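> Fold the following.
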Amino acid sequence: MDFLVIDDDKTFRDATCLLIDSEGHYAQGVCSGELGLTELKEGKFDSVLLDLNLGTEKGLDILEQILKLRPNLPVVMFTAQGSVKNAVEAMRRGAVDFLEKPFTREQFHLVLARVQRVHQDKQKIERLEREVNDSNAQSPEILLDSSTPLVKEVMNTLLRAAKTPASILILGESGTGKSVVARAIYQQSHLADRPFITVSCPSLSKELLESELFGHVKGAFTGALRDHWGKVKAAAGGTLFLDEIGDLPMEIQPKLLRLLQEREYERVGENVIRRAEVRIIAATSHDLKKRVAEGAFREDLYFRLNVITAEMPPLRLRPGDLIRFAGHFFKHFAALCGRRLEGFSEQASAAIRAYSWPGNLRELRNAIERAVIMAKGNKINLEDLPAELRGQTAPGAKGNGAPPEVGSLVSMEKLEEAHLRKVMERTANLAEAAQVLGIDQATLYRKRKKIGLE
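This next block holds a predicted model:
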């Protein structure tokens, strides 16, 4: 946990920070309520330890400002002897506990345990709210309840491994639901009440990704204006999901291997060895064996990740699930958009079954959402579906489903999208495609995501 200590007594403040650090947590101290409020606005803290008497400032006033800024933040009050009455008043106003100065390590442990319980309850509530607010269209049940024998075998393997601490590697084409399956594994695991933290490996530059994973200290690089705890710290005791791990830069791979083997890591710009017990789930659309042969992925890291491996089949190999998935998405988006539709026409259903769905579940989801919005009648008809499914191009385009050519009367955005798709088809991985296009991997990742190729 990250603590902010607000006390104008430097000796006491520093001693409290050292005590917190010795317990395996992070503490930052400031000498005034004003500085404390600034830190809370700029950074993320899990709890505040606040002195009732801050020179000219009143601790109770600062408490009110803290809770106004961060309503659910656990605040513990420091009180001098003889001011317990004020501490009780502070708890009435929203503080979770108080410590009477001077306090012993055992007294601090009791308060720390209560703060941790409050923090964990808060995390559970936030996690439940995210799951409730998350689109039902991404519900894992649509993947778990499959009529395809191959999918049943894959899910049985993954769910048997879910309750073990073993690392899990999920393979499969883009859009096959790897991230949804990763969350299903987490929900079925012994760590379901602990954090589930996601890191998208190709979404950031090498430098920023390393900081995102392991954190950094103030001044570690240009722009590092304050200490930062990374996703590894956030996932401690829980699950860390590394999406598209095949794009993890070589420079970071030894550090991830160390985390997997030794449960140790260091923040960027710091030589302090820290420990973190995390369960790793990784996913990739790349052929990792090929990446190892090309020298783009460490063999020892591959073997360390490859404890339990399963490959999600593409949608074209799941004909028994296709119409059921389409119906699931249809119900979701019809309800979301307030459309009273009766389903699909025979022609629309036939077109959905006949299409190969290269973008898999993600493409199907987008196509059904568009059809629900565009439907003119009481059913989704063939003309409501995207042009690719109708076996024809949009009005004014050239050829039968052909991409626009240079000089075609189309926007630059459409031309760029067509070029990106072609380059991605003809290159082996994200790094090669980025090199051909003359852009960095993070930029390509964002562009790819925007056009639905993620």
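> From the chain's centroid, how far away is stretch 22-33?
27 Å (CA atoms, centre = their mean, to the nearest Å).
> Then stretch 339-355?
34 Å.
> Next, the buried residues of that stretch.
With burial defined by 16 or more other CB atoms under 10 Å, the residues of stretch 339-355 counted as buried are Leu341, Phe344, Ser345, Ala348, Ser349, Ala351, Ile352, Tyr355. For the C-beta atoms, the positions are set from N, CA and C on the backbone; glycine is no exception.
> now do stretch 435-448
Residues of stretch 435-448 classed as buried under the neighbour-count rule (16+ other CB under 10 Å) are Leu437, Gln441, Ala442, Leu444, Tyr445, Lys447, Arg448.
> neighbouring contacts of that stretch?
200, 202-205, 247, 416, 420, 423-424, 427, 430-431, 433-434, 454 (CB atoms under 8 Å, 6 or more residues apart in numbering).
> 10 Å instead?
Stretch 435-448 is contacted from outside by 174, 200-206, 208-209, 244, 247, 249, 416-417, 419-421, 423-424, 426-427, 429-431, 433-434, 453-454, using CB atoms under 10 Å, 6 or more residues apart in numbering.
> hmm, back to that, any idea which of the buried residues of stretch 435-448 is the one closest to Asp46?
Ala442 (29.4 Å; CB to CB).
> Is that closest one inside a helix or a strand, and which specific one?
Using DSSP states H and E, Ala442 sits in helix 441-450.
> Send me that helix as PDB with only the CA atoms.
C-alpha atoms of helix 441-450 as PDB (Å, rounded to 0.1, in the frame of the first residue of the first chain):
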ATOM      1  CA  GLN A 441       5.200   0.000 -32.500                       C
ATOM      2  CA  ALA A 442       3.200   2.000 -30.000                       C
ATOM      3  CA  THR A 443       1.800   4.200 -32.800                       C
ATOM      4  CA  LEU A 444       1.000   1.100 -34.900                       C
ATOM      5  CA  TYR A 445      -0.700  -0.500 -32.000                       C
ATOM      6  CA  ARG A 446      -3.000   2.500 -31.600                       C
ATOM      7  CA  LYS A 447      -3.800   2.700 -35.300                       C
ATOM      8  CA  ARG A 448      -4.400  -1.100 -35.400                       C
ATOM      9  CA  LYS A 449      -6.800  -0.900 -32.500                       C
ATOM     10  CA  LYS A 450      -8.700   2.000 -34.000                       C
END
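> what's the distance between Gln261 and Ala276?
Gln261 sits 13 Å away from Ala276, going by CB to CB, to the nearest Å.
> Then Lys255?
From Lys255 across to Ala276, the span is 12 Å (CB to CB).
> Quick check, Glu266 in contact with Arg274.
Yes. Applying CB atoms under 10 Å, one finds Glu266 in contact with Arg274, separated by 6.7 Å.
> Would you map out the domains in this structure?
2-129, 155-312, 315-391, 402-454 (automatic domain parsing).
> So the residue nearest in space to the middle of the chain: helix, strand or coil?
Centroid-nearest residue in the chain: Thr198, 2.9 Å away (criterion: CA atoms, centre = their mean). Assigned state for Thr198: strand (three-state reduction, DSSP: H, G, I helix; E, B strand; the rest coil).
> likewise Asp121?
Secondary structure assignment for Asp121 (three-state DSSP): helix.
> Need the pLDDT of it.
In this model, Asp121 is scored at 74, pLDDT.
> Now do the contacts for it.
Shown in contact with Asp121 (CB under 10 Å, 6+ apart): Asn72, Pro74.
> give me the number of residues near Ala182?
Ala182 sits with 23 neighbouring residues when counted by other CB atoms under 10 Å.
> What does the pLDDT read for it?
So, for Ala182, pLDDT stands at 92.
> Please apply the same query to Gly55.
Among the per-residue scores, Gly55 holds a pLDDT of 81.
> Just give the nearest non-adjacent residue to it, would you?
By the measure of CB to CB, 6 or more residues apart in numbering, the closest residue to Gly55 outside its immediate chain neighbours is Asp8, 5.1 Å from it.
> and the one you found, which of the three is it?
Assigned with three-state DSSP, Asp8 falls in the coil class.
> What is the neighbour count of it?
Asp8 has 16 neighbours, counted by other CB under 10 Å.
> who's in contact with it?
Contacts of Asp8 by CB under 10 Å, 6+ apart are Val30, Cys31, Ser32, Gly33, Asp51, Asn53, Leu54, Gly55, Thr56, Glu57.
> Looking at the residues you listed, which are in helices?
Secondary structure from DSSP state H places Gly33 of the contacts of Asp8 in helices.
> ok, and the most crowded of the contacts of Asp8?
Neighbour tally across the contacts of Asp8 (other CB under 10 Å): the maximum, 27 neighbours, falls on Asp51.
> Can you tell me how far it is from His25?
19 Å.
> ok, and the closest non-adjacent residue to Gln261?
Arg304 (6.6 Å).
> Was I right to think the one you found contacts Glu262?
No. Judged on CB under 10 Å, Arg304 makes no contact with Glu262 at a distance of 11.2 Å.
> The two: who's more crowded?
Between Arg304 and Glu262, counted using other CB under 10 Å, Arg304 has the larger neighbour count: 17 against 10.
> related to what we said a few turns ago, mark which of the buried residues of stretch 339-355 are part of strands, please.
Taking DSSP state E, every one of these sits outside strands.
> Which ones among the residues you listed map onto helices?
Among the buried residues of stretch 339-355, the ones falling in helices (DSSP H) are Ala348, Ser349, Ala351, Ile352.
> for the third one, what are its contacts?
I take that to be Ala351. Contacts were defined as CB under 10 Å, 6+ apart; by that measure Ala351 touches Phe344, Ser345, Ala367, Asn381, Leu382, Leu385, Pro386, Glu388, Leu389, Arg390, Gly391.
> Check what pLDDT it gets.
90.
> Quick check: nearest residue in space to it, chain neighbours excluded?
For Ala351, ignoring the flanking residues on the chain, the nearest one in space by CB to CB, 6+ apart is Leu389 at 4.6 Å.
> That neighbour against Ala354, yeah?
Yes. Counting by CB under 10 Å, Leu389 touches Ala354, with 8.0 Å between them.
> Quick one: find the helix or strand in this structure with the lowest mean pLDDT.
Here the helix or strand of the chain ranked lowest by mean pLDDT, DSSP states H and E is helix 141-144, holding a mean of 61.
> Tell me if Thr176 really is in a helix.
No. According to three-state DSSP, Thr176 belongs to no helix; its state is coil.
> On the pLDDT front, check it for me.
89.
> Report the separation between it and Ile170.
The spacing between Thr176 and Ile170, counted by CB to CB, is 9 Å.
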